[in-house]
Structures are given as structure tokens and as C-alpha cells.
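Here you go, sequence then predicted model.
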Amino acid sequence: MNRQNNFDLLRLFAASQVLYFHALEHLQLGSATSSAFNRVLSQFPGVPIFFVISGFLITASFLRNRTALLGYAHNRVLRIFPALIVCTLFTTGLLAYFGYASTNWRMGAWLLGQVTVLPIYNPDFLRGFGVGDPNGALWTIPVEIQFYIFVPLFFGVWFALAGDGLKKLLTVLVGFIVGSFAVYTWYMAADRTPLVMQVFYISLLPHLWMFLLGAVAYVAWSHMRHVLEGKALLWALAYGVFIALGAISSLGVLGPFAQKALLALLVLSSAFTLPKLAHIILRRADVSYGLYLYHMPVINTFVELGKTGSWLFCVAAWGVSVCLAVASWFGVERPALQLKRKKTVFAPAEGLG
């Protein structure tokens, strides 16, 4: 069994895609449709890629040793919170430098929200900084934490009540996918301006279907690996034809689901095509999380300084973000991950049966 894969490289691509379009918008450099390159890149959205990869890897992490629940929780905390706390301190330093920090309770509530589950709380006195939110990208963190909780809850109940039957398990997971996609469709058509809707968006309900696309692939890996491993070019061709034919719009409400399902297959196939590529390029330095954490504070700083309207500023923002991500990996994330209770190298199982 080949234990190497390209997930680190794919996560780096996803974080870079998010950074690029945030810089494009906030540094006033264009839009997702302003060039052919932007239109193509917009078809590979970073956040759904993150969710699919999380579905695959988090399900793998739990199912490979589902009795070690405390170890699972311990490892998830180490992955998320040390880097998040340091990034929040960095952002607070920026706010203090530019004169936006305060000592009132709202600042304390903002700090607590940034490092827990309510990063959308943004008091009025911080809305003058940059684009109006010190680090708006953090909305995905509580969603990821809910995914982490969902996996042991769901599979714990499943194995306690239903055993190991693969067909029944896949049927139930597909049911969850359908239900979550229905919630997503309703949400996208609703008025999303009320605060309650903004809070609802950072729940797992509208996003669970993308996470479960990855989870289903892991559970059924023994049946899927033969059509995914080493076949990334074929899946890229299929995805390209799907986009070029305008199938997203022609399929109506099912268009987003079909697109994300094909994208999930392409991502997972890419993870196991030329599987040594990530190690050759990155040398096990997983800087994607740091890049995702730091890019918005950096972009906000450029906006605050009035450095917009030039691609030079975009390149500079990307360079600063990469430097901070590398520092985060070597100074915070890697040391924290070395405290994991059980270090294992990921390898997909043959599936459940």
C-alpha cells in the first residue's frame, strides 16, 4: 500500500486560490470573470476542496482507530488551535499598531470569538480596519470543528447500532448528503443578511454534503481506488468538459452538486496520481493552514496602508503571507503536531465491509 499522497500540495493550492481571489477583490485588481485565467481558476474553489479533503482524511483518522476517542480529540486540537491562537495574537498586534484595539469587553469577546466558534462577531470599532473584518476567512474554522465532532458522533452511533455493513452505511451517508445539499440550496436562495442567517452559515448543515463527499470516498475506497488512482488527467478532462458545456446552469439546482462531486473526484484522484510529488516539492512542510490563516490580516494591512490597485501589491501580499505561513509551520504547527499521542502515516484502508 502506497503511503504517499498529494494532500498537502492540494491544500496549498486551495489556500492559494482563496488568497488570490481575496487579493483580487480587496486590492481592487479585478473580478473572478475579468480574465480567462480568473474564470478558469474560479472553477476550482478553495473552500470546497478543503472540505472534501477534510472529509476523506478526518474520516480516515477516526476509523483507523475509532476506540481512541481522546487521542482523536487531542490531535484535532493540536492541529487547529495553537496556530489559530498565535495568528489571533498577530492580528491583535496589527489592530493595536493601527489604533483599532481596545480594552473594553467587546474586544475581549472578539478575541474569544476568533479562537473559538464565533469568528463572525465583529464589533463596530474594528470595522474601519482594512476591508472591515480583521480576518473574515476564519468562518471556516467553526465549520471544521463541527466536522471533527460529527465524525465520532455519527460513526459511534452507527457502529453501536448497525455494525459494519458497507451498503447500509453508504446509503445513510448519501441520505445525509442529500439532506445537507437541500439545506445548502435553501440557504443560497434565502435572504442571507439577517444575523441569524450569518450564524447559520457557520454551522455544518449547509456544508456537510461537501465534507461527506470525501468521507464516502474513504469508506468505499476499496471500490473507488481503481477509478481514481493514477487517473487525474482523465478526471481533469471530464471536469473541463463539464464546465465547458455549461452543465452547471443546465442542470438547475443540481448543477452545484454535480460540479462539486466531479471536483471531489478530481481532487481525490490528484491526491493519488504521482503521489510522491507533494513530498518532492514541499518536503513535508504543510504551510497551507498558515497561508489560509494569515492572508486576510496581510491583505487588510495593505488596504489600511492604501496599497491597492497594483499587481505589485498582490505579489507582495502573497510573499508576506507565505513567509508568515512558513514561520507558522516551523515555529508553531510542526512543534504542536509533534505532541500528538500517536503519529501515523496516512494510508487509505481497503474500505469497510
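Right, received. Where do you want to start?

buried sites along the longest helix along the chain?
The longest helix of the chain (DSSP state H) is helix 69-97. Buried residues in helix 69-97, counting neighbours by 16 or more other CB atoms under 10 Å, are found at 72, 75-76, 78-80, 82-84, 86-88, 90-92, 94-95. In this view, the C-beta of every residue, glycine as well, is placed from N, C-alpha and C.

Show me what it is packed up against.
helix 46-63, helix 105-114, helix 140-161, helix 288-304, helix 311-328, helix 334-337 (3 or more CB pairs under 8 Å, 6 or more residues apart in numbering; DSSP states H and E).

can you redo those as TSV with mean neighbour count?
Below are the helices and strands packed on helix 69-97 laid out as TSV (neighbours: other CB atoms under 10 Å):
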stretch	mean neighbour count
helix 46-63	23
helix 105-114	16
helix 140-161	17
helix 288-304	24
helix 311-328	18
helix 334-337	15
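
per-residue confidence at residue 180?
Residue-level confidence at residue 180 comes out at 98, pLDDT.

who's in contact with it?
Contacts for residue 180 (CB atoms under 8 Å, 6 or more residues apart in numbering) come out as 205-209, 212.

quick one: which of these is nearest to residue 331?
For the contacts of residue 180, the closest approach to residue 331 (CB to CB) belongs to residue 207, at 30.4 Å.

Next one: that closest one from residue 228, what distance?
23 Å (CB to CB, to the nearest Å).

And the contacts of residue 180, which is closest to residue 302?
Distances from residue 302 to the contacts of residue 180, taken by CB to CB, are shortest for residue 207, at 29.2 Å.

That closest one and residue 52 touch, don't they?
No - at 10.7 Å, residue 207 does not count as touching residue 52 under the criterion of CB atoms under 8 Å.

Spell out which residues are contacts of both of these two.
Counting by CB under 8 Å, 6+ apart, nothing touches both residue 207 and residue 52.

circling back: now the contacts of residue 180: which count as buried?
Using 16+ other CB under 10 Å, the buried ones in those are 205-209, 212.

residues contacting residue 159?
For residue 159, the contact set (CB under 8 Å, 6+ apart) comprises residue 66.

What does the pLDDT read for residue 200?
pLDDT, read off for residue 200, is 94.

Geometric centre of this protein: which residue is closest?
Per CA atoms, centre = their mean, the C-alpha nearest to the average position across the chain is that of residue 50, at 3.1 Å.

you'd agree that residue is up against residue 11?
Yes - proximity of residue 50 to residue 11 meets the contact threshold set by CB under 8 Å, at 6.7 Å.

can you pull the pLDDT of the residue found closest to residue 289 once you drop the neighbours it is linked to in the chain?
Closest residue to residue 289 apart from its sequence neighbours, by CB to CB, 6 or more residues apart in numbering: residue 83 at 6.1 Å. You'll see residue 83 listed with a pLDDT of 97.

Also residue 121?
86.

burial of it, as a residue count?
Residue 121 is flanked by 16 other residues according to other CB atoms under 10 Å.

Is it in contact with residue 108, as I believe?
No - counting by CB under 8 Å, residue 121 stays clear of residue 108, with 11.0 Å between them.

Can you show me the CA trace of the helix or strand harbouring residue 200 as PDB?
Per DSSP states H and E, residue 200 falls inside helix 195-201. Output of helix 195-201 as PDB, limited to C-alpha atoms (Å, rounded to 0.1, in the frame of the first residue of the first chain):
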ATOM      1  CA  LEU A 195     -27.600  37.900  11.700                       C
ATOM      2  CA  VAL A 196     -29.300  34.500  12.400                       C
ATOM      3  CA  MET A 197     -28.600  33.500   8.800                       C
ATOM      4  CA  GLN A 198     -25.000  34.500   9.100                       C
ATOM      5  CA  VAL A 199     -24.600  32.400  12.200                       C
ATOM      6  CA  PHE A 200     -26.400  29.500  10.500                       C
ATOM      7  CA  TYR A 201     -23.900  29.700   7.700                       C
END
